[in-house]
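Asks: Sequence first, then the predicted structure:
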Amino acid sequence: MDAKKLFSVNSLLLLLGFVLVVAIADNIQIFRLWETNAASSNQYFTLVQLFGPTIGAFLGPLLGAGVVLVAEMFSFIFNAKEFTLLNVVRLSPMLFAAAYFALYAKKSKIGALAPLACAALFIMHPVGAQAWPFALFWLIPLAATILPNNLLLRSYGATFSAHAIGGVLWIYTIPTTPAYWIALIPVVLVERSVFAAGISASYYALSTIAAKLPFVQKSALVAVEKKYAL
């Protein structure tokens, strides 16, 4: 890779553009999380859930996750959120989703390791042990890498990677009951299907746009999968 192209003004502006788009999307609420108590109230899914993972495909697993992290940190500061360990750790789910979405292109199973670890951690928790069927969702990222290449499966794997990280953080930090997790199963099926469809649609849209922009084509940072460019 040409170092001059890598660190060119064009590439730096593209990175800034990705950061700004993700940060803006992270502040557009779409619907509220299922509540259990006051600690979980006023928590929302945002628009970034519908396209955030695709950043990994354009920039690679590490840089893509890094851009998402910077955007989330910017949003964190902009919204003056309380600087606690829990709030900081909650920035992590989308990083794993972006990395998974990028790694899937090579059918790498590395991206599925985190969801599998989360499934184990969930079942090890006293509440999770009684609601173990919920953790079966986190086998989906691994299954997606084994099945034939498919954008919707890739999107399901990415959104359930984020879900796995968030789920384990939730069960270890927020008081819940086994009944709560069992009741969530149909909710999660609908919720993650919406996210997977959104990720797939946004990837087609963003790939189509990126393939037509000369300054994107000139950048050594951005990779465009032409088969998804309409």
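Replies: Looks like it arrived, so ask away.

Asks: So which bits of stretch 140-147 are buried?
Replies: Across stretch 140-147, burial judged by 16 or more other CB atoms under 10 Å covers 140, 141, 142, 144, 145. For glycine as for every other residue, the C-beta is placed from the backbone atoms N, C-alpha and C.

Asks: Could I get the contacting residues of the second one?
Replies: Listed by CB atoms under 8 Å, 6 or more residues apart in numbering, the contact partners of residue 141 are 100, 111, 112, 115, 116, 156, 157, 158, 160, 161, 164.

Asks: Could you tell me whether it really is in a helix?
Replies: Yes - Residue 141: assigned to a helix according to DSSP: H, G, I helix; E, B strand; the rest coil.

Asks: all helices of the chain, in order?
Replies: 3-6, 9-25, 54-59, 61-78, 85-89, 93-104, 113-124, 126-130, 140-146, 151-173, 178-211, 214-217 (DSSP state H).

Asks: just these: most buried one?
Replies: helix 93-104 (a mean of 28; mean count of other CB atoms under 10 Å).

Asks: What lies in contact with it?
Replies: 48-49, 52-57, 59-62, 64-65, 68-69, 72, 110-112, 114-115, 141, 144-145, 154-155, 157-159, 161-166, 169, 199.

Asks: re the thing from before, among the helices of the chain, which is nearest residue 227?
Replies: helix 178-211 (8.4 Å; CB to CB).

Asks: distance between the closest one and the chain's centre?
Replies: Taking the mean of its C-alpha atoms, helix 178-211 sits 10 Å from the chain's own mean (CA atoms, centre = their mean, to the nearest Å).

Asks: Also stretch 129-144?
Replies: Distance, centroid of stretch 129-144 to centroid of chain: 17 Å (CA atoms, centre = their mean).

Asks: likewise stretch 13-30?
Replies: 14 Å.

Asks: Show me where the chain dips below the pLDDT cut-off.
Replies: 1-8, 31-44, 84-89 (pLDDT under 70).

Asks: repeat that with 80
Replies: 1-13, 26-46, 78-91, 215-220 (pLDDT under 80).

Asks: Nearest residue to residue 46 in space, please, no chain neighbours.
Replies: Nearest non-adjacent residue to residue 46, counting by CB to CB, 6 or more residues apart in numbering: residue 26, 5.1 Å away.

Asks: I'd say residue 224 and residue 212 touch.
Replies: No - under the criterion of CB atoms under 8 Å, residue 224 makes no contact with residue 212, lying 9.8 Å away.

Asks: and these two? which has more neighbours close in?
Replies: residue 224 (20 against 11; other CB atoms under 10 Å).

Asks: tell me the contacts of the closest residue to the more buried one other than its chain neighbours?
Replies: Leaving aside its chain neighbours, residue 224 sits nearest to residue 210 (4.8 Å; criterion: CB to CB, 6+ apart). Residues near residue 210 by CB under 8 Å, 6+ apart: 58, 216, 222, 224, 229.
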